[in-house]
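Trainee: This is the structure alone, sequence omitted:
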């Protein structure tokens, strides 16, 4: 079995390129084969490490640890703008836990399906 076939079998035979184009087996790039977990280049995002967080950001990190047991990367990615991070966490809580005709399980299923469609870990 070729590396190319194994790669496409692993990702289900298609991926999205950086411009959103759908690539099918046989159209992969060398970068795809060398890095099959991430199907396109990832930008580097600066963030404030937990041990360097101060003030509002330190409080947000502590809230995240209490809620989830750790500070997830999505929280760290917004660490340079603590005010916006607090607002986005509030929106998340309202969407996932606020009044809605959807159950909590249905909301989680939607989040998982959208993450999967976007090749994003959730």
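Mentor: All right, it came through fine. These numbers were taken from a predicted model, which means no experiment stands behind them. Numbers count the residues shown, from 1 in each chain.

Trainee: which helices and strands does whichever strand or helix holds residue 106 pack with?
Mentor: Element membership of residue 106, judged by DSSP states H and E, is helix 104-117. With contacts taken as 3 or more C-beta pairs under 8 Å, 6 or more residues apart in numbering; DSSP states H and E, helix 104-117 sits against helix 82-97. All C-beta spots, glycine's among them, are computed from the backbone N, C-alpha and C.

Trainee: which residues are contacting the helix it packs on?
Mentor: The contact list for helix 82-97 (C-beta atoms under 8 Å, 6 or more residues apart in numbering) reads 55-57, 60, 63-64, 75, 78-79, 104, 107-108, 111.

Trainee: 7 Å - rerun?
Mentor: Outside of helix 82-97, the residues within contact range by C-beta atoms under 7 Å, 6 or more residues apart in numbering are 56-57, 60, 75, 78-79, 107.
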